[in-house]
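> no sequence for this one, just the structure:
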C-alpha cells in the first residue's frame with residue numbers, strides 16, 4: 001500500500017484574519033518499504049505535513065490517496081488509516097498514562113475492538129520489537145528512563161500494526177548513546193517488519209546514515225526529493241535555508257579541492273573514513289604529513305571504522 005499526496009495545501013484558521021499558510025502545493029508518493037528522512041528548519045511545515053499523512057489534518061486543497069482511495073471521500077474510514085499510518089509525536093512519553101507498561105501499549109489495540117488475547121499478543125510483540133524485556137512490562141511507565149519511555153511509546157504505535165511508521169524527532173532530548181540505540185532499533189524494525197519509515201529530524205548526519213530517500217521542506221514547500229547523495233550534492237542550496245550537510249560532506253569537498261580524488265558521495269563517518277584511508281598515501285604527499293603516524297587510531301575494525309582520521 002502506498003500514500004500518494006497530490007497537490008495539497010493547508011491553511012490554519014482559513015477564512016479568518018489569523019489565517020496562516022503552512023503547506024503549498026505539495027505532491028509526493030510514499031511507496032512501500034522506503035526509509036525516508038524528512039528535514040527542514042523549524043516552521044518549514046514538517047509537522048503539519050506528517051499530520052496530513054494519517055488524516056489528523058485534512059488538506060485545504062488537493063488530495064491524499066491511501067491505496068488508491070481518497071481519504072476525504074464519503075465513507076472512507078480514517079480510523080483504519082490512522083492504524084495503518086502510525087504517528088509517533090515528538091516527546092511521545094508525555095502521552096504515557098496507564099498504570100503499567102504493557103497496559104499502556106495495549107491501549108491502541110483495545111480501541112480497534114480486538115480480543116483481549118490479541119491485544120496482549122500485539123503488546124508483547126511490540127515491546128519485543130523495541131527491545132523492552134519482560135522485566136519492564138509490569139513497571140509504571142513513569143519509572144522508566146527517558147530512552148525506555150520513548151521505546152514504550154513507540155511500542156504503543158507498533159501494536160496497531162502500521163504499514164507506515166512516522167517518527168517526529170524520535171531522539172529529541174536523548175543523550176548520544178540513547179539516540180543511537182533508538183535509531184538502530186528503528187532500522188531493525190524496518191528490516192524485520194518490512195514497514196515504511198518516515199523519520200522527521202533536524203540531524204543531517206542521522207538522515208544520511210539511515211535514510212535511503214530525503215525530502216527537504218522549506219516555507220511550506222517541498223524543495224528537494226532524492227537520495228541522500230543527490231540531496232547533499234546540493235549542500236550549497238541547503239545552507240541559505242538554515243540546513244547544513246553532514247560534516248563528512250564538507251570534509252570530502254575540502255579534500256577534493258586539495259586535489260585528492262575522493263568520492264564525495266561518502267556521507268557518513270564510516271564511509272568517509274574508509275574513503276580517506278584508501279587514499280592515505282596521496283594525502284600524505286599532498287599535505288607533507290604522515291597521517292598514519294599522526295592518527296595511529298585510523299584503522300579498520302571488524303564492525304566499522306574509527307573516526308580518528
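Received, thanks. What you see is a predicted model; the values in this text were computed from it and never measured. Numbers count the residues shown, from 1 in each chain.
> ok, residue 68 to residue 27 distance?
16 Å (Cβ to Cβ, to the nearest Å). Yep, even glycine has a C-beta here, placed from its N, CA and C like the rest.
> so the two - more neighbours on which side?
residue 27 (13 against 8; other Cβ atoms under 10 Å).
> look at that one and give its secondary structure.
strand (DSSP: H, G, I helix; E, B strand; the rest coil).
> pretty sure it contacts residue 49?
No: in this structure residue 27 lies outside contact range of residue 49 using Cβ atoms under 8 Å: 11.9 Å.
> where in the stretch 1-150 of the chain is pLDDT low?
1 (pLDDT under 70).
> the stretch 151-300 of the chain: strands as residue ranges?
Secondary structure of the stretch 151-300 of the chain by DSSP state E, counting those that start in this stretch: the strands cover 164-168, 196-200, 213-218, 221-226, 300-301.
> same thing with the stretch 1-150 of the chain?
Going by DSSP E, counting those that start in this stretch, the stretch 1-150 of the chain shows strands at 3-12, 20-30, 35-39, 61-66, 69-70, 85-88.
> list the buried ones in the longest one?
Read that as strand 20-30. 22-24, 26, 30 (16 or more other Cβ atoms under 10 Å).
> other residues contacting that strand?
2-13, 36, 45, 48-49, 52-53, 59, 62, 164, 196, 198, 215, 219-222, 225 (Cβ atoms under 8 Å, 6 or more residues apart in numbering).
> mind running it again at 7 Å?
Contacts with strand 20-30, where a contact means Cβ atoms under 7 Å, 6 or more residues apart in numbering, come from 2-13, 36, 45, 48-49, 164, 196, 215, 220-222, 225.
> try the first one
Identification of contacts with strand 3-12 by Cβ under 7 Å, 6+ apart yields 19-30, 48, 52-53, 57, 59-66, 164.
> paired strands for that strand, with orientation please.
In the sheet, strand 3-12 lines up against strand 20-30 (antiparallel), strand 61-66 (antiparallel) (DSSP bridges).
> now distance to residue 270 too, for these, in CSV please.
Listed next are the strands paired with strand 3-12 as CSV, based on distance: least, Cβ to Cβ, whole Å:
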stretch, distance to residue 270
strand 20-30, 28
strand 61-66, 37
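> which one of those lies nearest to residue 274?
Of all the strands paired with strand 3-12, strand 20-30 sits nearest to residue 274, with 31.4 Å by Cβ to Cβ.
> taking strand 221-226 as reference, get the angle to that closest one.
20 degrees (axes from the mean of the first three to the mean of the last three Cα atoms, to 10 degrees).
> and the helices in the stretch 1-150 of the chain?
For the stretch 1-150 of the chain, the helices defined by DSSP state H, counting those that start in this stretch cover 46-53, 78-84, 101-105, 107-111, 116-129, 146-158.
> may I see those organised as a markdown table, with mean neighbour count and distance to residue 177 added?
Below are these laid out as a markdown table (neighbours: other Cβ atoms under 10 Å; distance: least, Cβ to Cβ, whole Å):
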| stretch | mean neighbour count | distance to residue 177 |
| --- | --- | --- |
| helix 46-53 | 21 | 26 |
| helix 78-84 | 16 | 32 |
| helix 101-105 | 24 | 21 |
| helix 107-111 | 19 | 28 |
| helix 116-129 | 18 | 20 |
| helix 146-158 | 24 | 8 |
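> so which of the ones you listed is nearest residue 202?
Per Cβ to Cβ, nearest to residue 202 of the helices of the stretch 1-150 of the chain: helix 46-53, 9.4 Å.
> what packs against that closest one?
Here helix 46-53 touches strand 3-12, strand 20-30, strand 164-168, strand 196-200, going by 3 or more Cβ pairs under 7 Å, 6 or more residues apart in numbering; DSSP states H and E.
> residue 183: which of those strands is closest?
strand 196-200 (8.1 Å).
> show me this structure divided up by domain.
As given by automatic domain parsing, the domain ranges for the chain are 3-238, 247-305.
> let me know which of these is tucked in deepest.
Compared across those, domain 3-238 shows the largest average neighbour count, a mean of 18 (mean count of other Cβ atoms under 10 Å).
> ends of that domain, how far apart?
26 Å (Cα to Cα, to the nearest Å).
> same check on stretch 192-210?
15 Å.
> name the residues that touch that stretch?
Contact partners of stretch 192-210, identified using Cβ under 7 Å, 6+ apart, comprise 30, 32-39, 46, 50, 129, 162-169, 183, 186-187, 189-190, 211, 214, 228, 232, 243-247, 267-268.
> do stretch 126-144 as well
96, 98-102, 104-105, 148-149, 151-152, 154-155, 158-159, 185, 189, 192.
> that concludes my questions; thank you for your assistance.
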